[in-house]
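> compute the structure for the input listed below.
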Amino acid sequence: MDFEPTLASVSLGNPEVHPITKRLSAAASHGFKCVEIVEADIINEAKTLGHDDSAQGQIKGAESIRKICDDLGLKVVVLQPFWFYEGLLDRAEHAVRIRKLELWLKMAAVLGTRLIQIPTNWLGEGTTGDVGIITQDLIEMAEMGLKQAQPISFAYEGVAWGTHIDTWQGTWEMVKRVNRPNFGLCLDTYHIAARVWGDPTAMSGMNEDGDRALDESLDEMIRELDVKKIFYVQPSDAERLYEPLVEGHPFYDQMQRPRMSWSRNARLFCYEEEYGGYLPVEKILETIVVKMGYLGLISAESFSRHLFNPRPHIPDEYARRAIKSWKRMIEVLKQKASETVRNDLQNRQSNTE
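Modelled structure (predicted):
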């Protein structure tokens, strides 16, 4: 079980507050080897260099980030998030997204990554849940990636507040329909747990039948999901809120669904119970890694209101927390894997007696 320490750059500070150089340096200094780069990193780096956010300016920003990563010994493994893409009713707007995707394919090549993440669309208006239209949009995307000199793959993530698709089952159905070798899944433990188990609007912090629903979901995952189509996994947790996230709560935003507001303000790295982490992310990771045998890319992710804090120590503090979480996660997964092997051996021995 050999996973390279990886995390999302945005987990170490908001890109508009903390320069990418500071965040990447913090990641490297704490032992991370790979990073996810977000669009805001590129745009802000372009501005730092005196460029605008035009296509040419963004390419310059991507080139600068690639050099910073090379100098620090970091590898860019994901460019994300390519959002608000599939199912748009305005096909002229769809054409705008396609032109943007052409730029992203170029930036991915510049950064040295061959993987782009797409979260499910959560626009409140102007989209359709028509499976045929969504499928065709995603096929168009996948085929554009296949035409590149170095083919680019896409990881479809079911966000817990998606308008039409908000579960891993929904994204898996689309992956099967798209049926292209470069189109697979991004499984995020927060989104899986927050959708079927957690409820930030409840005093208890969870759905009434959360335990049963999660167990059924994970059993289905083992039965139905092809592990080869998991392109990467994002482990993350969230804070247990003291009060329900409803109108009057500091995180409440009438323009956002509660699980989105929860995510934007109170996401944590795994195994951060001291900060209020409580979602059953270990069970989800055990299912994917130990029971299903996933051995691909894992990338830690966190979002927090505190990442907007301009104090210069923030990137280093969060990189320290991230590597502590990473080491604990790997330790637990190795222990779970050893227990599974031992139990299987004992069962085989019992069956031969």
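> how about Leu297, phi and psi?
Dihedral pair for Leu297: phi -70, psi 130, per degrees, to the nearest 10.
> which residues does it bridge with?
Beta-bridge partners for Leu297, by DSSP bridges, are Tyr232.
> who's in contact with it?
Leu297 is in contact with 3, 6, 34, 77-78, 115, 231-233, counting by CB atoms under 8 Å, 6 or more residues apart in numbering. Heads up, the C-betas are built off the backbone N, CA and C, glycines and all.
> where in the stretch 251-353 of the chain is pLDDT low?
Low-confidence segments of the stretch 251-353 of the chain, defined by pLDDT under 70: 341, 344-353.
> hang on, the earlier thing: what would the contacts of Leu297 look like in JSON lines with distance to Gly57, neighbour count and pLDDT?
Listed next are the contacts of Leu297 as JSON lines, based on distance: CB to CB, whole Å; neighbours: other CB atoms under 10 Å; pLDDT from 0 to 100:
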{"residue": "Phe3", "distance to Gly57": "35", "neighbour count": "19", "pLDDT": "96"}
{"residue": "Thr6", "distance to Gly57": "27", "neighbour count": "24", "pLDDT": "99"}
{"residue": "Cys34", "distance to Gly57": "26", "neighbour count": "20", "pLDDT": "99"}
{"residue": "Val77", "distance to Gly57": "24", "neighbour count": "20", "pLDDT": "99"}
{"residue": "Val78", "distance to Gly57": "22", "neighbour count": "28", "pLDDT": "99"}
{"residue": "Leu115", "distance to Gly57": "23", "neighbour count": "22", "pLDDT": "99"}
{"residue": "Phe231", "distance to Gly57": "29", "neighbour count": "23", "pLDDT": "99"}
{"residue": "Tyr232", "distance to Gly57": "28", "neighbour count": "24", "pLDDT": "99"}
{"residue": "Val233", "distance to Gly57": "33", "neighbour count": "23", "pLDDT": "99"}
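> which one of these is nearest Trp168?
Val233 (11.0 Å; CB to CB).
> what comes up buried for the helix or strand Gln335 falls within?
Using DSSP states H and E, Gln335 maps to helix 314-352. Using 16 or more other CB atoms under 10 Å as the test for burial, helix 314-352 gives 314-316, 318-319, 321-323, 325-326, 329-330, 332-333, 336-337.
> tell me the two of those residues that are most distant?
Largest separation among the buried residues of helix 314-352 by CB to CB: Ile314 and Ala337, giving 34.3 Å.
> thinking again about what came up before, what is the nearest of the buried residues of helix 314-352 to Ser217?
Proximity of those to Ser217 (CB to CB) peaks at Lys336, which lies at 18.7 Å.
> does that closest one really touch Glu286, like I thought?
Yes. Using CB atoms under 8 Å as the test, Lys336 is close enough to Glu286 to be in contact (5.1 Å).
> please consider this matter closed, and thank you.
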